[in-house]
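*Asks:* give the three-dimensional model of this entry:
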Amino acid sequence: MAENMQHSGMAGMANGAHPAPTPSTPSTPSTQPMAPARPAPDVMTKCPNCREIIVTKELEKNLRVCPRCGHHFRLTADERIALVLDEGSFQEMSADLMTEDPLHFVSRSKPYPTYAAEYRAETGLNEGVVYGRGAIEGLPLVLVVMDFRFIGGSMGTVVGEKITRAIELAAKERIPLVVCSASGGARMQEGALSLMQMAKTSAALARLAEAGVPYISVLTDPTTGGVAASFAFLGDVMLAEPGALIGFAGPRVIEQAIHQRLPKDTNTSEFLLAHGMIDGITHRRELRSTLARLLRLYQQAATLA
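*Replies:* Numbers count the residues shown, from 1 in each chain. Coordinates of the predicted model:
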């Protein structure tokens, strides 16, 4: 995670004698609600990889990629959509779906609905995934984007349902499916119901494959747990961003299980590419053009078929 530094002014201490109180007429309390205070935008951002201090505006101009070491910072769903799709082409679907509390789960003395509501207020999202129709260089597709800010991008029943709907939409309209994953895995607050989404999404992808509709999976940092063990690793073409953490379990968990030290780059995009688990590593500035090229190839193949 990036370490951010905010400029703040030093408040001066008031000195001198206190003035004598003067009588005043009680004021009528305001009936207007007070707007919540927003934190000041970060002026500088520290790269977690090389520790370089970067002007945040310059980082954003560089697609949130460190200009010194190439570290790819995480993107929000809106940022990813703007990066990949033609401007104005995205039509979000099922945006009103929100998670319920089937298990009446309480975590840290806080009910799950309250926990989810806080994330909705913080992120502006109803859930950890967004999907809809869009286009890349005029080529239609169904795009699914996960947002790690919402409970770690975890997959609960609503996330599984939205991904399944996206898959079924792509199959129905016979247009390619692109999924950009960023998740810590299944959502513990929904127990076995969240694990069932692994089978649900995988079964939907099997039907998509039978229909002959292409599926491109883009793995971003991080893609782990039940998401990595299901739809994220079932793409016809598997792409990943540089340096992304990818795998079912994290390196620390694996080391604790086998009591051995792992290579430094274990569970990274580069490690997976070297061992044949993915098809390529794509820099963020080349992602849109790479997807467009793949979509054209599939379009030409469909025309010749």
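*Asks:* in which helix or strand does Asn182 reside?
*Replies:* No, residue 182 isn't Asn; it's Ala. strand 177-183 (DSSP states H and E).
*Asks:* what is that strand packed up against?
*Replies:* Here strand 177-183 touches helix 77-84, strand 139-146, helix 157-173, strand 215-224, helix 225-228, going by 3 or more C-beta pairs under 8 Å, 6 or more residues apart in numbering; DSSP states H and E. Using the backbone N, CA and C atoms, a C-beta is placed for each residue, glycine as well.
*Asks:* if you set the cut-off to 6 Å instead, what comes out?
*Replies:* Packing partners of strand 177-183 (3 or more C-beta pairs under 6 Å, 6 or more residues apart in numbering; DSSP states H and E): strand 139-146, strand 215-224.
*Asks:* all helices for the stretch 1-150 of the chain, in order.
*Replies:* If DSSP state H, counting those that start in this stretch is used as the criterion, the helices of the stretch 1-150 of the chain fall at 56-61, 77-84, 112-123.
*Asks:* where in the chain is pLDDT low?
*Replies:* 1-41, 305 (pLDDT under 70).
*Asks:* hang on, Thr99 packs against Gly156?
*Replies:* Yes: the pair Thr99 / Gly156 is scored as a contact, 5.4 Å apart, by C-beta atoms under 6 Å.
*Asks:* list the beta-bridge partners for the residue nearest to Gly280 when sequence neighbours are not counted.
*Replies:* Spatially, and ignoring its direct neighbours in sequence, Gly280 is nearest to Leu239 (5.5 Å; C-beta to C-beta, 6 or more residues apart in numbering). Beta bridges link Leu239 to Val218, Gly280, judged by DSSP bridges.
*Asks:* contacts only, for Leu239.
*Replies:* Counting by C-beta atoms under 6 Å, 6 or more residues apart in numbering, Leu239 touches 218, 280, 282.
*Asks:* burial measure for the second one, as a count.
*Replies:* This means Gly280. By the criterion of other C-beta atoms under 10 Å, Gly280 has 11 neighbours.
*Asks:* ditto for the first one
*Replies:* One way to gauge burial is a neighbour count; for Val218, by other C-beta under 10 Å, it gives 27.
*Asks:* can you tell me how far it sits from Glu270?
*Replies:* 16 Å (C-beta to C-beta, to the nearest Å).
*Asks:* just the second one next, same as before
*Replies:* Plainly put, Gly280 is 11 Å away from Glu270 if you go by C-beta to C-beta.
*Asks:* measure Thr303 to Leu59 for me?
*Replies:* Distance from Thr303 to Leu59, by C-beta to C-beta: 41 Å.
*Asks:* quick one: which of the two has more around it?
*Replies:* Neighbours per residue, other C-beta under 10 Å: of Thr303 and Leu59, the larger number sits with Leu59, 20 against 7.
*Asks:* who does the nearest residue to that one once chain neighbours are set aside bridge with?
*Replies:* Nearest residue to Leu59, sequence neighbours excluded (C-beta to C-beta, 6+ apart): Thr45, at 5.5 Å. Assessed by DSSP bridges, Thr45 has beta-bridge partners Asn4, Ile54.
*Asks:* I'd like the numbering to begin with 35 instead of 1 from here.
*Replies:* Will do, 35 is the new start, and the previous item becomes Thr79.
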